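Visitor: here is a sequence with its predicted model. Questions after.
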Amino acid sequence: MKLSKLYCNAKGFKNTTFNLNGLNVVYADVASKIEDKKNSHDLGKTKFAEILDFLFLKEVDAKRHFLFKIKDDYDVSIFHNYIFYLELLLNSGQYLTIKRGVANNTKISFSLNEQQTKEYFPPANWELENIGIKQAKKELSKFLALDFFHNKSYDFRKAINYCLRSQNDYDDVYKLSKYAVGKDKEWKPFMFDLLGFNGKLLTIKYNNDEQREEIKNYIDKLKNEYSVKTEDRDDIVAQIKLIENDSKEIEERIDQFNFYEQDKELINKGIEEIETSISNYNTLAYNLSFEIDKLRKSITNNFSFNLDKVQKVFEESELYFPEQLKHDYERLISFNKSLTIERNKLLKKSLNIKEEELRDTNVELQKLNNKKEELLSYLRETDAFRKFKFYQKELVKIEGQLITLKEKLKTIDIIINKEKERGTILKEIEGTVDELRNIYQHTENNSNYSDIRTKFSNYYKKIMDEDARISWNINTNNNVDFLPPKVQTKGELIKDTAKDEGNTYRKLLCVAFDLAVLCSYNQESFFRFVYHDDVLSQQDNGIKNRLLELVRDLTKRYNLQYILSVIKSDLPIDGNEKPIYFSNSEIILRLHDKDQTGTLFGFEF
């Protein structure tokens, strides 16, 4: 799949036709000094790639993307009425046009044609028109028909930015800038697949790790909330048995009170029935009060964690507080706060129900007690009645203790079952790790991987005249780490690409990797283009010439489309110290800083 045309409905925008084979240059003729980088970037060569990404159905953040920013006194973005069109040459030989506007950016249209459209006129007919962006991604995946993504859990979007490398994407060969603050599972399984291995194994491993961590957090929450330990289970069972025996003994004593002998008339009037009802309502009231108190305590038990204090401790200790650690804390805080909010909603609802039940129960108790008061008024001071009240209170107290202990026992059983679940997941993880280790011990048998890294080494050698190699290993957490490429000089020294010169080396390592992937997958339906923004910047003249020589050779040999952006001062020079200009056919887009008409949109913003 290659890029054919990029155009827009607005006047002033520099519509572009791509070379379907060979070199494509976005050229900025900047008259200002090379140190003045602001002018070169404001021309729009970087935004050119952002528009391409937009038309490849990137889900944009309206608060950050330049197409949606509201300026000055405008109520909407200055690009509100812009509609963009991207024509692609599919691997099938057909041409697909993607239509996406700024105002209704979630509505996408597609038009499939047998030939390239004339000039910059949108197609007259659309196979699919104004469909939602999620469905549009599925349809675009079908149109592209890239073999690599068949039966994968992700689509072409996972790989598109390896074909549209911005300046922020040169820091790491494998990890793009958009994954800088995300989880490894968002990109490592894809990269594992891309190198010819089984990415599903990594997805399974990451998912199982997350499940185990979630279960652990749930278990810790139960232990803290109910103050229980699994090792106390049998002791709690023993306590329940003892209290049940005490309860049985007290019940027997209460049953021994014979009111028939004291006053048969009272019994005839229903004293026994009243006492039974009162006892039942008292037990119910106690249980409700216990539950209400428990719910109120749970609601007030809000999550509290002061990240600023943690950061201050690090600062006072003169320890570095990593941004990733801060981000992990913030996500944990956010997760616990949202969990507490949802939990409190349910608890408050339950609390209201219990309080209503308690009010109804107290009303009934008042009625029964008033009736009993009339029947038992003359017995209030008798010794038998005082003993009866004592045993009755003891029984209610014991029943409350039983409820608490049985709740703890139930919680312990939940914890034990959850720990069993964690153990089952651990066995699955161990099986996955065994598979990963077996793969690691036989990487030489992976032909795709061997081909990619052989090409990578060859291409980097041609550009830099130095040896470079890529590799991966399994870290202490039994997860895959893609190691930074090792660059070896003729003097057998390993270059430290993290030093000042690292930006140059990392950029060219990314170039060699992207080209190696495209060439390695050339025999199947895959991407046939790559865009490298500002790739010649700050490079040695010899490197520039060798890079362009390699690109021209590979685009011819593998029928690829290579797109680069460059400013005038970054052009390579010949033996006479004169710039080597690209041919008119290679330059697909010309920008300049003489006036506003030289920008991508024809005006500054």
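Guide: Yes, it's here. Residues are numbered from 1 along each chain as shown.

Visitor: which residues in the stretch 451-600 of the chain form strands?
Guide: Taking DSSP state E, counting those that start in this stretch as the test, the strands found in the stretch 451-600 of the chain are 467-474, 480-488, 529-532, 561-567, 587-592.

Visitor: those: which one's closest to V76?
Guide: strand 587-592 (26.3 Å; Cβ to Cβ). C-beta: built from backbone N, CA, C; applies to glycine.

Visitor: so which helix or strand of the chain has the lowest pLDDT on average?
Guide: helix 259-262 (a mean of 42; mean pLDDT, DSSP states H and E).

Visitor: so which helix or strand takes in Y449?
Guide: helix 447-464 (DSSP states H and E).

Visitor: which residues touch that helix?
Guide: 195-197, 443-444, 466-471, 485, 487, 505, 508-509, 511-513, 515-517, 519-520, 543, 546-547, 549-550, 554 (Cβ atoms under 8 Å, 6 or more residues apart in numbering).

Visitor: same check, this time on stretch 418-427
Guide: By Cβ under 8 Å, 6+ apart, the list of residues contacting stretch 418-427 reads N208, Q211, R212, I215, K216, Y218, I219, T230.

Visitor: with distance to N282, mean pLDDT and mean neighbour count as extra columns, can I get the strands of the stretch 451-600 of the chain in a markdown table?
Guide: Output for the strands of the stretch 451-600 of the chain, formatted as a markdown table (distance: least, Cβ to Cβ, whole Å; pLDDT from 0 to 100; neighbours: other Cβ atoms under 10 Å):
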| stretch | distance to N282 | mean pLDDT | mean neighbour count |
| --- | --- | --- | --- |
| strand 467-474 | 64 | 96 | 16 |
| strand 480-488 | 64 | 93 | 17 |
| strand 529-532 | 79 | 97 | 23 |
| strand 561-567 | 83 | 96 | 25 |
| strand 587-592 | 86 | 96 | 18 |
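
Visitor: returning to what we had before: give the PyMOL command for selecting the buried subset of the contacts of helix 447-464.
Guide: To isolate the buried ones among those in PyMOL, judged by 16 or more other Cβ atoms under 10 Å, type:
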select buried, resi 195+196+197+468+470+485+487+505+508+509+511+512+513+515+516+517+519+520+543+546+547+550+554
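
Visitor: the contacts of helix 447-464 in helices, which ones?
Guide: The helices, defined by DSSP state H, take in 505, 508-509, 511-513, 515-517, 519-520, 543, 546-547, 549-550, 554 from these.

Visitor: so who does the nearest residue to L67 once chain neighbours are set aside touch?
Guide: Once flanking residues are discounted, L67 sits nearest to F79: 4.8 Å by Cβ to Cβ, 6 or more residues apart in numbering. By Cβ under 8 Å, 6+ apart, the residues touching F79 are L67, F68, V102.

Visitor: among the residues you listed, which one sits closest to S166?
Guide: The closest of the contacts of F79, once distances to S166 are taken by Cβ to Cβ, is L67, at 15.6 Å.

Visitor: what's around that closest one, how many residues?
Guide: 19 (other Cβ atoms under 10 Å).

Visitor: that one in helix, strand or coil?
Guide: Per DSSP: H, G, I helix; E, B strand; the rest coil, the secondary structure class of L67 is helix.

Visitor: which pLDDT value belongs to it?
Guide: Note for L67: predicted pLDDT of 93.

Visitor: and what of D500?
Guide: Looking at D500, the pLDDT reads 40.

Visitor: for K408, give its distance to E291.
Guide: 15 Å (Cβ to Cβ, to the nearest Å).

Visitor: I236: what secondary structure?
Guide: On the basis of three-state DSSP, I236 is classed as helix.

Visitor: give the contact list for it.
Guide: I236 touches L405, K408, L409, I412, counting by Cβ under 8 Å, 6+ apart.

Visitor: great, nothing more from me.
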